[in-house]
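Participant: coords please:
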Amino acid sequence: MSTAAQATEFRLPDVGEGLTEADIAEWKVAPGETVTVNQVLVEIETAKSLVELPSPQAGVIEALLAEPGETVQVGTPIVRFAGEAGHDAAPPAGQDSTSTEPRDQAQPEEKTGNTLVGYGAATERRRARRRRGRESQPSRPAPAEPVPSPAPAEAAGQHESGTDTSLRSGPALASPPVRKLAKDLGVDLHQVPPTGPRGNVTRQDLLDYQEQTGQQAPGEQPDQPSAEAARRIPVTGVRKATAAAMVSSAFTAPHVTVFLDVDITEGLEFLSELKQAPELSHVKITPMLLLARAVCWAAGRNPMVNGRFTEKEIILSPEVNLGIAAATERGLIVPNIKSAQAMSLVELAESLAALTERARQGKTSPAEMKDGTLTITNVGVFGVDSGTPILNPGESAIVAFGRIRRTPWEHQDQIALRQVTTLAVSADHRILDGKEVALFLSDIGRALADPRVMLL
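Facilitator: Residues are numbered from 1 along each chain as shown. Now for the predicted structure:
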């Protein structure tokens, strides 16, 4: 059997992050397109990053089995290649459509040694059982290619006359996001003509049907704004994971937050001098770089802040894997720089710049999202003086850096305008007492006010 025949379907793999689902972000191919091995098929959004999935084979795309924005479980078919093999391919002439032969032909996949994560004999057997369960139910014919949606009158006529009963009996096929939208719009999915590749109602089908019929949600008054007037943002991917993590952290670790105003005028002057150094001309020198260095130095003096609480013990890590809270279009993510305490200033600057850029592009690797020990966040970039940050799950402290503002300040027994910022540290009170948090924050403040103390 040829490779193409074996890999008729491409299933969503576990991309190495231990996740069970992902959202379809953007298709890079279209039905009928010829692709090559390792050509990018689709971009998916996991709870941690955007990931491009390459094609495991060369061939022609027969159908895309998931819609952009749809949440798909690992192991679910998302692409079907043209070919005779595979249980979803049309049976040859004269072959009984209920025959199990195509499914049996697909079984060698379990022994092919497929290198894509998420494939294997055990998972394939489970999927085969699920397929057999689905095949035992009454079949619902799916169109070979998208069918144009009929006009509202035609759709209504079909529904009333019963001519479409064989297609619309039983639960309507639709993904969870489409079902949710239908519920919000007050639309009966049974009345929406499907054009999906599996006879399923797509989001566009639903929106087209509502526009054609002018249907309103139940209880909606004509003079009230329609459901379309409200902007709805699906909680998926990073936002979904962040929400779950923050709720878990807030209600698991008892937070305590302390604040400190710091005159960092001399620290900023130190940064200005660094910018003139030839060996640093290729890196970005910012106050966040100084904060990162100060936090690593202070963590060395206060090792409990680099600990992790378990029910039986507190584990102190010898490495500071410094998390950088990054606000992206997809939500807040916290990749980390491994062993940041051992880096030179140049190495730390390079790592900080590269990690921030990858985070903004959604290209952080799974390894960069794991095993963080201590986090910093810059709320000052948004014009905020301070805040009470929530711990990254599994960590014991997070440092917030407020905006830098010119403030009347006592300096050398006189009042002068100085560059002042407010630092905030939230900590896990199961690990750190108030004294330990205060000493950690005080050390950070000293290092920002006078970076020379880090040389002592």
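Participant: ends of stretch 181-190, what's the gap?
Facilitator: End-to-end span of stretch 181-190 (CA to CA, to the nearest Å): 14 Å.
Participant: quick one, helices of the protein?
Facilitator: Secondary structure of the chain by DSSP state H: the helices cover 3-6, 101-106, 121-135, 152-161, 165-168, 176-185, 203-213, 237-252, 265-275, 287-301, 345-361, 434-449.
Participant: quick one: average pLDDT of stretch 72-80?
Facilitator: Mean per-residue pLDDT for stretch 72-80: 90.
Participant: do stretch 31-40 as well
Facilitator: 90.
Participant: and it, how far out from the chain's middle?
Facilitator: 25 Å (CA atoms, centre = their mean, to the nearest Å).
Participant: burial measure for residue 57, as a count.
Facilitator: 19 (other CB atoms under 10 Å). To be clear about C-beta, it is placed using only N, CA and C from the backbone, and glycine gets the same treatment.
Participant: which pLDDT value belongs to it?
Facilitator: 88.
Participant: and it, how far is that from residue 33?
Facilitator: 14 Å (CB to CB, to the nearest Å).
Participant: and what of residue 182?
Facilitator: 30 Å.
Participant: now residue 177
Facilitator: Using CB to CB, we find residue 177 at a distance of 25 Å from residue 33.
Participant: and if you look at residue 81?
Facilitator: Distance from residue 81 to residue 33, by CB to CB: 11 Å.
Participant: now the common contact residues for those two.
Facilitator: 60-61 (CB atoms under 8 Å, 6 or more residues apart in numbering).
Participant: give me the more crowded residue out of the two.
Facilitator: residue 81 (23 against 12).
Participant: my guess is the more buried one meets residue 63, correct?
Facilitator: No: with contacts counted by CB atoms under 8 Å, residue 81 stays clear of residue 63, the gap being 9.0 Å.
Participant: where does pLDDT dip in the stretch 51-200 of the chain?
Facilitator: 84-171, 176 (pLDDT under 70).
Participant: repeat that with 80
Facilitator: The stretch 51-200 of the chain contains residues with pLDDT under 80 at 83-181, 183-184, 197-198.
Participant: repeat for the stretch 201-350 of the chain
Facilitator: By pLDDT under 80, the low-scoring segments of the stretch 201-350 of the chain are 211, 213-246, 248, 250-251, 329-331.
Participant: can you do 70?
Facilitator: Ranges of the stretch 201-350 of the chain meeting pLDDT under 70: 214-229, 236-239.
Participant: give me the number of residues near residue 202?
Facilitator: For residue 202, using other CB under 10 Å, the count is 21.
Participant: contacting residues around it?
Facilitator: If you count contacts by CB under 8 Å, 6+ apart, residue 202 has them with 67, 174, 178, 194-196.
Participant: JSON lines for the residues you listed, including neighbour count and distance to residue 393?
Facilitator: Converted to JSON lines, those look like this (neighbours: other CB atoms under 10 Å; distance: CB to CB, whole Å):
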{"residue": "67", "neighbour count": "18", "distance to residue 393": "31"}
{"residue": "174", "neighbour count": "22", "distance to residue 393": "34"}
{"residue": "178", "neighbour count": "25", "distance to residue 393": "32"}
{"residue": "194", "neighbour count": "24", "distance to residue 393": "41"}
{"residue": "195", "neighbour count": "18", "distance to residue 393": "42"}
{"residue": "196", "neighbour count": "24", "distance to residue 393": "37"}
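Participant: looking at those residues, which is nearest residue 337?
Facilitator: Residue 337 lies nearest to residue 67 out of the contacts of residue 202, by CB to CB, at 36.8 Å.
Participant: mind checking how far the residue lying closest to that closest one once chain neighbours are set aside is from residue 186?
Facilitator: Leaving aside its chain neighbours, residue 67 sits nearest to residue 202 (5.8 Å; criterion: CB to CB, 6 or more residues apart in numbering). Residue 202 is 18 Å from residue 186, where distance means CB to CB.
Participant: now residue 13
Facilitator: Residue 13 is 37 Å from residue 186, by CB to CB.
Participant: same check on residue 286?
Facilitator: Applying CB to CB, the value for residue 286 to residue 186 is 51 Å.
Participant: before we move on, what about residue 34?
Facilitator: Remark: distance between residue 34 and residue 186 (CB to CB) = 43 Å.
Participant: residues contacting the residue nearest to residue 253 when sequence neighbours are not counted?
Facilitator: Sequence neighbours aside, residue 428 is the residue nearest to residue 253 in space, at 4.3 Å (criterion: CB to CB, 6+ apart). Counting by CB under 8 Å, 6+ apart, residue 428 touches 253-255, 309, 391, 395-397.
Participant: try it again at 10 Å.
Facilitator: Contacts for residue 428 (CB atoms under 10 Å, 6 or more residues apart in numbering) come out as 249, 252-256, 304-305, 307-309, 314, 391, 394-398, 437.
Participant: quickly list what it is bridged to.
Facilitator: Applying DSSP bridges to residue 428 yields these beta-bridge partners: residue 255.
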